[in-house]
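Peer 1: With the sequence up front, the predicted model follows.
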Amino acid sequence: MKVAIVHYWLVTWRGGEKVLEQILNLYPDADIYTHTYDEEIIRKYLPGRNVKTTFISSLPNSNKYYQKYVAFMPYALEQLDLSQYDLVISTESGPAKNVVTNPDATHICYCHSPMRYVWDMYHIYQAKTGLFTRVLMKPLIHYLKMVDSLSANRVDHFIANSNFISKRINKCYRRDSEVIHPPVAVDEFELCAEKDEYYLYLGQLTIYKKADLALSAFIKNGRRLVVIGEGELECEFTNTPQNIEYLGKRSFGELKKYLSKAKALIFPGVEDFGIVPIEAIASGTPVVAYAKGGVLDSVIDGENGIYFHEQTVESLNCAIDKLDSIYGQFDVDIMRRHAEKYSEKEFKNKFKKFVDKKLELNGK
């Protein structure tokens with residue numbers, strides 16, 4: 001059986017690429033198709049793999065300005081000749097699923113999210129642009145919405161990375177999907193029962209992730225907050241009260257150390273899934289999370305974390321107070337066992353079982 005895997009772009013190595021890595025472990029002989037890639041990424045993470053690109057890679061500075069070419073990507077995908085493949089797996093959060101497959105082939109799409117800048121976050125992205133860009137964006141986004149909706153018809157079976165995204169797939173494409181959570185390297189995190197008296201914010205410092213909400217809450221409550229990350233709001237974290245320690249970007253080894261010793265992880269944004277909360281839970285660290293998005297699949301209120309229900313300073317600080325009041329009830333061993341449900345092994349088992357079942361239905 002010939003297998004092709006279509007990934008939107010390979011210019012960073014984050015959660016989406018780690019899903020790709022585990023799928024490749026299941027299908028080691030698969031060919032990889034992508035719009036563009038960074039050669040260092042390929043050398044470091046995908047050595048020896050057969051990586052092919054669309055014509056987007058031949059456009060000027062495509063691995064740096066790839067998002068500028070998003071309007072051409074649906075057409076570029078149609079130009080790929082995938083007629084020789086029996087199984088095509090697309091991994092989607094940027095344009096990837098618009099490929100044309102052999103009529104007898106099975107096309108499975110692992111969807112991290114329908115394109116955010118086209119659907120639910122369009123107005124947020126638009127508000128950040130200048131007048132000229134906003135004028136151009138309106139017809140472009142209208143075109144991309146139509147193309148993206150039509151491309152969903154080329155997929156035989158959808159997989160969503162969370163129940164939150166499954167609902168979004170149904171809303172955008174009117175298609176059902178199976179939920180298979182992304183793989184988390186649970187074994188790389190050390191369980192620790194002895195905690196220090198600090199809370200941790202770990203992630204990009206952006207408005208979208210509500211880093212500013214975490215900052216405001218801890219300025220008001222006076223508790224110690226350690227902040228690891230970088231992004232557009234960095235300047236707000238460089239001149240803060242003494243109870244807030246900004247560390248910027250840190251190595252993976254340091255991240256694990258801070259996660260394992262933190263009293264709790266602060267997770268105030270809405271994520272499609274949320275890998276960092278699983279990493280915290282695997283370390284025996286409870287999560288204070290906003291009760292919306294993919295985190296609803298992983299954080300159990302009162303067992304491995306506490307929810308807050310409004311993205312306000314008052315609501316977040318009430319949740320932190322509640323966590324402090326019941327802190328002795330958290331069982332780190334139970335938390336670790338829960339995190340192991342999201343391991344790389346579990347992902348591969350569920351993914352392979354799903355694909356094999358669909359191939360069997362198609363007589364393969």
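Peer 2: That came through fine. Since the model is a prediction, treat every value here as computed from it, not as a measurement.

Peer 1: From here on, just use CA atoms for contacts and neighbour counts.
Peer 2: Fine.

Peer 1: which residues touch the residue nearest to residue 36 when sequence neighbours are not counted?
Peer 2: Excluding the flanking residues, the one nearest residue 36 by Cα to Cα, 6 or more residues apart in numbering is residue 57, at 4.6 Å. Applying Cα atoms under 8 Å, 6 or more residues apart in numbering, we find residue 57 in contact with 35-37, 63.

Peer 1: Could you measure from residue 57 over to residue 79?
Peer 2: Counting by Cα to Cα, to the nearest Å, the gap between residue 57 and residue 79 amounts to 13 Å.

Peer 1: that older thread, compare the contacts of residue 57 and tell me which is most surrounded.
Peer 2: Most neighbours among those, by other Cα atoms under 10 Å: residue 35, with 27 neighbours.

Peer 1: That one against residue 72, yeah?
Peer 2: No: contact between residue 35 and residue 72 fails when scored by Cα atoms under 8 Å: they sit 10.2 Å apart.

Peer 1: so what sits against both of those two?
Peer 2: Jointly contacting residue 35 and residue 72 under the rule Cα under 8 Å, 6+ apart are residue 56.

Peer 1: wait, which of the contacts of residue 57 is closest to residue 186?
Peer 2: Checking the contacts of residue 57 against residue 186 by Cα to Cα gives residue 37 as the nearest, at 27.7 Å.

Peer 1: so what's that closest one up against?
Peer 2: Counting by Cα under 8 Å, 6+ apart, residue 37 touches 9-11, 57, 63.

Peer 1: Would you check that residue 218 makes contact with residue 225?
Peer 2: Yes: judged on Cα under 8 Å, residue 218 makes contact with residue 225 at a distance of 6.8 Å.

Peer 1: Look at these two and report which has more neighbours.
Peer 2: More neighbours surround residue 225 than the other of residue 218 and residue 225, with 26 against 19 (other Cα under 10 Å).

Peer 1: who touches both of residue 218 and residue 225?
Peer 2: 243-244.

Peer 1: What residues of stretch 238-251 count as buried?
Peer 2: Within stretch 238-251, the residues scored as buried using 16 or more other Cα atoms under 10 Å are 244-246, 248-249.

Peer 1: Ok, stretch 35-51 next?
Peer 2: Residues 35-37, 42, 51 are the ones in stretch 35-51 that count as buried (16+ other Cα under 10 Å).

Peer 1: Wait, residue 308 touches residue 321, no?
Peer 2: No: Residue 308 lies out of contact with residue 321 (Cα under 8 Å); the separation is 11.0 Å.

Peer 1: Other residues contacting stretch 181-191?
Peer 2: Outside stretch 181-191, the residues within contact range by Cα under 8 Å, 6+ apart are 15, 18-19, 22, 160-162, 256, 260, 273, 275, 278-279, 282-284, 332, 336, 339-340, 342-348.

Peer 1: ditto for stretch 157-170
Peer 2: So stretch 157-170 is in contact with 107-114, 175-182, 272-273, 293-294, 297, going by Cα under 8 Å, 6+ apart.

Peer 1: Among the residues you listed, name the buried ones.
Peer 2: The neighbour count (16+ other Cα under 10 Å) marks 107-114, 175-182, 272-273, 293-294 as buried among the contacts of stretch 157-170.

Peer 1: more neighbours, residue 308 and residue 321?
Peer 2: Taking other Cα under 10 Å, residue 308 and residue 321 do not tie; residue 308 has more neighbours (22 against 14).

Peer 1: pLDDT below threshold where in the protein?
Peer 2: For the chain, the stretches with pLDDT under 70 are 117, 119-137, 364.

Peer 1: Show me how it divides into domains.
Peer 2: Residue ranges of the domains in the chain are recorded as 3-183+344-361, 186-341, according to automatic domain parsing.

Peer 1: The stretch 51-200 of the chain: helices as residue ranges?
Peer 2: Secondary structure of the stretch 51-200 of the chain (DSSP state H, counting those that start in this stretch): helices at 73-78, 122-127, 131-151, 163-173.

Peer 1: closest one to residue 313 among these?
Peer 2: Of all the helices of the stretch 51-200 of the chain, helix 122-127 comes closest under Cα to Cα, at 21.6 Å.

Peer 1: list the contacts for residue 213?
Peer 2: Per Cα under 8 Å, 6+ apart, neighbours of residue 213: 268, 311-313.

Peer 1: hmm, which of these are the buried ones?
Peer 2: Using 16+ other Cα under 10 Å, the buried ones in the contacts of residue 213 are 268, 311, 313.

Peer 1: Looking at the buried residues of stretch 238-251, which are in strands?
Peer 2: Using DSSP state E, the subset of those located in strands is 244-246, 248.
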